[in-house]
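Novice: coords please:
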Amino acid sequence: MSVLLAALVLACLFPAGCAPKRVINTRQEPPVSAPAPAATAPAPREQVTPEKQAPAENGPETTAENVTLGVRAAELAREQLGKPYQWGAAGPDRFDCSGLAFYVYGALGVPLPRVSSEQATAGREISRKRMQPGDLLFFALDGPRINHVGIYIGGRKFVHAPRRYQPVRTDDLDDAYWRYRLKAVRRMDSLP
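Specialist: Residues are numbered from 1 along each chain as shown. Next comes the predicted model:
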């Protein structure tokens with residue numbers, strides 16, 4: 001009952017943006033200043049490239065300009081791997097989930113709203129089958145509302161700031177936890 005009450009209080013206090021994520025360990029631990037464990041350490045730097053696919057079905061055809069923007073966003077997101085999570089932070093040294101998307105696209109000259117629920121209205125919606133690097137992935141982690149965002153980097157992987165005590169990392173969309181909670185994919189089309 002106390003866990004339910006705590007979740008209700010958090011939902012009331014933080015109605016938009018990143019919500020607390022899946023908790024595996026419930027005891028409080030001090031922030032970790034050491035690098036992430038090998039399981040979440042960044043993979044060797046790979047070239048991010050657009051995946052071969054047909055034009056998006058929900059809007060104009062994919063252009064070289066928005067593919068280039070997406071690849072640049074994916075590369076910049078990968079550069080943030082290992083940086084610590086902090087609720088309400090938008091970089092450059094600490095991030096929450098929407099702060100990471102806000103920072104990456106802001107650095108590329110594309111303005112985004114600050115919280116994930118509002119970011120989910122930016123750009124244009126894309127089919128999951130048509131995802132390209134740089135697309136924003138929106139999740140509903142604890143209910144029907146969008147409250148988490150990640151940046152797709154290709155190969156069914158995305159970069160995100162998951163939760164307290166967890167650094168910016170990559171996760172896999174083939175993981176049932178993420179696949180089930182993915183609600184929308186949106187593409188930023190071009191630089192202003």
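
Novice: distance between the ends of stretch 135-142?
Specialist: Stretch 135-142 has an end-to-end distance of 22 Å (CA to CA, to the nearest Å).

Novice: And stretch 108-117, by the same measure?
Specialist: Start-to-end, stretch 108-117 (CA to CA) is 21 Å.

Novice: In it, which of the residues would be classed as buried?
Specialist: For stretch 108-117, a neighbour-count test (16 or more other CB atoms under 10 Å) marks Leu108, Val110, Leu112, Arg114, Val115, Ser116, Ser117 as buried. Heads up, the C-betas are built off the backbone N, CA and C, glycines and all.

Novice: Which elements pack onto the helix or strand hosting Thr170?
Specialist: Using DSSP states H and E, Thr170 sits within strand 169-172. Strand 169-172 sits against strand 157-160, with contacts defined as 3 or more CB pairs under 8 Å, 6 or more residues apart in numbering; DSSP states H and E.

Novice: quick check: mean pLDDT across the strand it packs on?
Specialist: Averaged across strand 157-160, pLDDT comes to 97.

Novice: Report the buried residues of that strand.
Specialist: Using 16+ other CB under 10 Å as the test for burial, strand 157-160 gives Lys157, Phe158, Val159, His160.

Novice: next one: stretch 153-172
Specialist: Neighbour counts over stretch 153-172 (16+ other CB under 10 Å) mark 153-154, 157-164, 166-171 as buried.

Novice: May I ask which two of those residues are separated the most?
Specialist: Largest separation among the buried residues of stretch 153-172 by CB to CB: Gly154 and Arg164, giving 27.6 Å.

Novice: Next secondary structure after the helix ranked longest in the chain?
Specialist: Criterion DSSP state H: the longest helix present in the chain is helix 64-79. Going down the chain from helix 64-79, the next helix or strand is helix 97-107, by DSSP H and E.

Novice: send the alpha carbons of that following helix over as PDB?
Specialist: The C-alpha coordinates for helix 97-107 follow below in PDB (Å, rounded to 0.1, in the frame of the first residue of the first chain):
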ATOM      1  CA  CYS A  97      15.200  12.000 -20.600                       C
ATOM      2  CA  SER A  98      13.500  15.100 -22.100                       C
ATOM      3  CA  GLY A  99      16.600  17.200 -21.300                       C
ATOM      4  CA  LEU A 100      18.700  14.900 -23.400                       C
ATOM      5  CA  ALA A 101      16.400  15.300 -26.500                       C
ATOM      6  CA  PHE A 102      16.100  19.100 -25.800                       C
ATOM      7  CA  TYR A 103      19.900  19.400 -25.600                       C
ATOM      8  CA  VAL A 104      20.700  17.300 -28.700                       C
ATOM      9  CA  TYR A 105      18.200  19.000 -31.000                       C
ATOM     10  CA  GLY A 106      18.900  22.500 -29.500                       C
ATOM     11  CA  ALA A 107      22.600  22.000 -30.300                       C
END
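
Novice: Give the other helices and strands that it contacts.
Specialist: Against helix 97-107 (3+ CB pairs under 8 Å, 6+ apart) you get helix 64-79, helix 116-119, strand 148-154, strand 157-160.
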